[in-house]
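A.B. asks: Got a predicted structure here, sequence first:
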Amino acid sequence: MKFNNRNVYISEKATIGKNVRIGDNTVIYDNVIIGDNSIICNDCIIGEPINDYYFNSGYENPETILNEGAFIRSHSIIYAGSVFGKNFSTGHRVTIREHSKFGNNCRIGTVSDIQGYVEFGDNCWLHSNVHIGQQSKIGNYVFIYPYVVFTNDPTPPSDICTGPTVGDFSQIAVGTVLLPAAEIGKHCLVGAQSLVGGKYDDYSLVIGNPAKKIKDVRELKSRNADKSHYPWPYNFSRNMPWEEEGFENWKLKNGYEND
Amino acid sequence: MKFNNRNVYISEKATIGKNVRIGDNTVIYDNVIIGDNSIICNDCIIGEPINDYYFNSGYENPETILNEGAFIRSHSIIYAGSVFGKNFSTGHRVTIREHSKFGNNCRIGTVSDIQGYVEFGDNCWLHSNVHIGQQSKIGNYVFIYPYVVFTNDPTPPSDICTGPTVGDFSQIAVGTVLLPAAEIGKHCLVGAQSLVGGKYDDYSLVIGNPAKKIKDVRELKSRNADKSHYPWPYNFSRNMPWEEEGFENWKLKNGYEND
Amino acid sequence: MKFNNRNVYISEKATIGKNVRIGDNTVIYDNVIIGDNSIICNDCIIGEPINDYYFNSGYENPETILNEGAFIRSHSIIYAGSVFGKNFSTGHRVTIREHSKFGNNCRIGTVSDIQGYVEFGDNCWLHSNVHIGQQSKIGNYVFIYPYVVFTNDPTPPSDICTGPTVGDFSQIAVGTVLLPAAEIGKHCLVGAQSLVGGKYDDYSLVIGNPAKKIKDVRELKSRNADKSHYPWPYNFSRNMPWEEEGFENWKLKNGYEND
């Protein structure tokens, strides 16, 4: 049904792995490397040349590496010069600028906009329409929900660029803005539509405009149980690497003894 | 000018009605049914296969039904497995996932993202860049403005999925977040940039972060008149079915005697 | 690498200047005029017919003028009937509706949505995902950051349409909503995630939901200096016309003696 090889353009300088499917109307530019068992859907642009291309006749497209198992949904644009770990997947119409670095098993939702010069750990899930400014640094197992914006300029416009950092396992809920240089610890929950500057300890529940730490997430009562849902890895395992053995066992073997 | 039949792909298993125009670079997949007098503009994907397609060799695309008079603007993606009433229209780059059900005369604005497993009544108008999470349930004549988000997970991440419900004639203004399981009655007005959880009676004016009921919408003075603009159907009729005879008469014949 | 003339459609009634590059899969419709030294990237639609086209057999596409040095990135859609000054540039997937008027050197970021019937001065920079409603009026050197929304209907839905106005050099930070008919003076800074109605004097710092004037921007201490960063033109010049001689000298020759 899909993948009829209609109007596909693949540069001779691209390297395509085994068992890779490429959708109609998709373009793959120079020096893109796509790992085995990947799917690139229709109308995508992979290895989009960075700005220099238009103005520098000696331009060479920087290397773009999508490791094995990539799944890029239609109408997405990935600039040249980024590296993606295994099983990277996107929704539709995602834009990812140059010098972005993603670990394994990351997912980026529809229309999300990654501005480049950012770093993500493993297993980060971004929902639809997330905006990540340059110089953001995000740990492992961080989930970011729709319409969240990471900013980086404290006195716009200026030449300062200091993005937020977010620790492992933290959750940033819908519509929240992280101000420049905000530091969110590990296992935090930042509530919906918050405006968050400053530094927050591990396990903080952060809410409001302007945001404050309200309590420790471990004190939050869950709706359907007597105990807190947080730290969430003990209570959520769908598609997580601890799905089979549970977080309690998994963490001991994977460097998360203290989580 | 448009509709030059360039690079169009229509599955042999699709059913196209009379007087249907299909734009260049558009793809229509298996088991899509498009009603008479419809327009599908350029670069659209209609009947996008759901996730199973990529992993299940026996995959059969579920039926997608666009009833007569559909108008899908360019770069939109509609997944297989949804049903759309008459005169359904979209802006550009709309994404609509599987198991979405729309009544007649609905409009979805540019870049809006319908996550699937949702239900809309008749004559709902979504403006640009609205995000509707799964399990949302929306009545008739509901208008939703830009950057509104409907959420569904009270303790992210979890396996709970309980979307908001919105009653007939309610208005959800710009940038508002409806929290999981929020219940908005009929004829409500939810103000801009509100964060709304809980249950609100018919005719509530709801505003703030966190939101509260401020007053009855019928007590709101209009800028240009002594009386309230709400319930709005008495004061706005452009493109509404009561445009010619007025809401007062129309409602009696159409089951809205009490509105 | 790009610009291979694959699947490009250019109307015979379009006028293309010298040294213009047009990307693959792009469509240029009737009565579009593109100035010299412009770049239109892949998968764009320039001169998209307005609504009349679909319903009026005698439709004539209104003139669309992109002056010299335009740079339209891929997947953007520009409707017929707008005028763009020199060096107009966009990110990806921008939508610009009819009757939009832009001065010179304006930039519109990825996914931004300009609803038409708007007016921008010179050197306005809109970041990603900005939504500008009809009847907005924006001065010169105005910067607007991601997820800002300009609205125009005080009692939705109604037939009233009164957009905001923003004076020269003002900055509207991330996630802010300008309510209908809001008036922002010159050299203002509107803080992130604010909800802003009413009228604000020149040099106001405006913050909050609902927003208030907090102080004069000239009283704001900068993080890295003893003096205020504002008025910002004295402290930021990258890609500004005063980059070489400084704002102090430039303003005297360019009609900004009082800024």
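C.D. replies: That came in fine, so what should we check first? If you're wondering where the values come from, they're calculated on a predicted model, not measured in any experiment.

A.B. asks: Next, residue A:113: phi, psi?
C.D. replies: phi -130, psi 110 (degrees, to the nearest 10).

A.B. asks: Would you enumerate the residues in contact with it?
C.D. replies: Contacts were defined as Cβ atoms under 8 Å, 6 or more residues apart in numbering or on different chains; by that measure residue A:113 touches A:94-95, A:130-132, C:110-111, C:128-129, C:146. Heads up, the C-betas are built off the backbone N, CA and C, glycines and all.

A.B. asks: could you redo the last one with a cut-off of 6 Å?
C.D. replies: For residue A:113, the contacting residues are A:95, A:131, C:110, C:128, by Cβ atoms under 6 Å, 6 or more residues apart in numbering or on different chains.

A.B. asks: can I get those residues in JSON lines with distance to residue B:69, pLDDT and secondary structure?
C.D. replies: JSON lines is the format used below for the contacts of residue A:113 (distance: Cβ to Cβ, whole Å; pLDDT from 0 to 100; DSSP: H, G, I helix; E, B strand; the rest coil):
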{"residue": "A:95", "distance to residue B:69": "33", "pLDDT": "98", "secondary structure": "strand"}
{"residue": "A:131", "distance to residue B:69": "36", "pLDDT": "98", "secondary structure": "strand"}
{"residue": "C:110", "distance to residue B:69": "32", "pLDDT": "98", "secondary structure": "coil"}
{"residue": "C:128", "distance to residue B:69": "34", "pLDDT": "98", "secondary structure": "coil"}
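
A.B. asks: of these, buried ones?
C.D. replies: Taking 16 or more other Cβ atoms under 10 Å in any protein chain shown as the criterion, what is buried in these is A:95, A:131, C:110, C:128.

A.B. asks: Excluding chain neighbours, give the residue nearest to the last one in space.
C.D. replies: So that's residue C:128. Sequence neighbours aside, residue C:109 is the residue nearest to residue C:128 in space, at 3.9 Å (criterion: Cβ to Cβ, 6 or more residues apart in numbering or on different chains).

A.B. asks: mind checking the backbone torsions on the one you found?
C.D. replies: phi -80, psi 170.

A.B. asks: Can you check the pLDDT for it?
C.D. replies: On the pLDDT scale, residue C:109 is placed at 98.

A.B. asks: How about stretch A:249-257, which residues are buried there?
C.D. replies: A:250-251, A:256.

A.B. asks: Repeat that for stretch A:18-30.
C.D. replies: By 16+ other Cβ under 10 Å, the buried positions in stretch A:18-30 come out as A:20, A:22-30.

A.B. asks: Chain C contacts on chain A?
C.D. replies: A:7, A:29-30, A:77, A:95, A:113, A:131, A:149, A:151, A:155-158, A:177, A:195, A:209 (Cβ under 6 Å from any Cβ of the partner chain).

A.B. asks: how near is the residue in chain A that chain C sits nearest to to residue C:228?
C.D. replies: Nearest to chain C, among the residues of chain A, is residue A:155, at 4.2 Å (Cβ to the nearest Cβ). As defined by Cβ to Cβ, to the nearest Å, residue A:155 lies at a distance of 9 Å from residue C:228.

A.B. asks: These two: which has the busier surroundings?
C.D. replies: More crowded of residue A:155 and residue C:228, by other Cβ atoms under 10 Å in any protein chain shown: residue A:155, with 22 against 17.

A.B. asks: Give me the pLDDT value at the closest residue to that one other than its chain neighbours.
C.D. replies: In this structure, residue A:155 finds its nearest non-sequential neighbour in residue C:229, 4.2 Å apart by Cβ to Cβ, 6+ apart. Looking at residue C:229, its pLDDT reads 95.

A.B. asks: try the one 10 residues further on
C.D. replies: For residue C:239, the pLDDT comes out at 95.

A.B. asks: returning to that earlier point: now distance to residue C:72 too, for the contacts of residue A:113, in TSV please.
C.D. replies: Putting the contacts of residue A:113 into TSV (distance: Cβ to Cβ, whole Å) gives the following:
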residue	distance to residue C:72
A:95	15
A:131	21
C:110	12
C:128	15
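
A.B. asks: which of those residues lies closest to residue A:61?
C.D. replies: Residue A:61 lies nearest to residue A:95 out of the contacts of residue A:113, by Cβ to Cβ, at 17.2 Å.

A.B. asks: Which residues are in contact with that closest one?
C.D. replies: Residue A:95 is in contact with A:77, A:113, C:92, C:110, counting by Cβ under 6 Å, 6+ apart.

A.B. asks: The same query, at a cut-off of 10 Å, please.
C.D. replies: Residue A:95 sits next to A:45, A:48, A:75-79, A:108, A:111-116, A:131, C:73-75, C:91-93, C:110-111, C:128 when contact means Cβ atoms under 10 Å, 6 or more residues apart in numbering or on different chains.

A.B. asks: where does the stretch 151-259 of chain A come near chain B, residue by residue?
C.D. replies: A:171-176, A:189, A:191-195, A:207-209, A:217, A:220, A:222-225, A:228-230, A:232-233, A:235-240 (Cβ under 10 Å from any Cβ of the partner chain).
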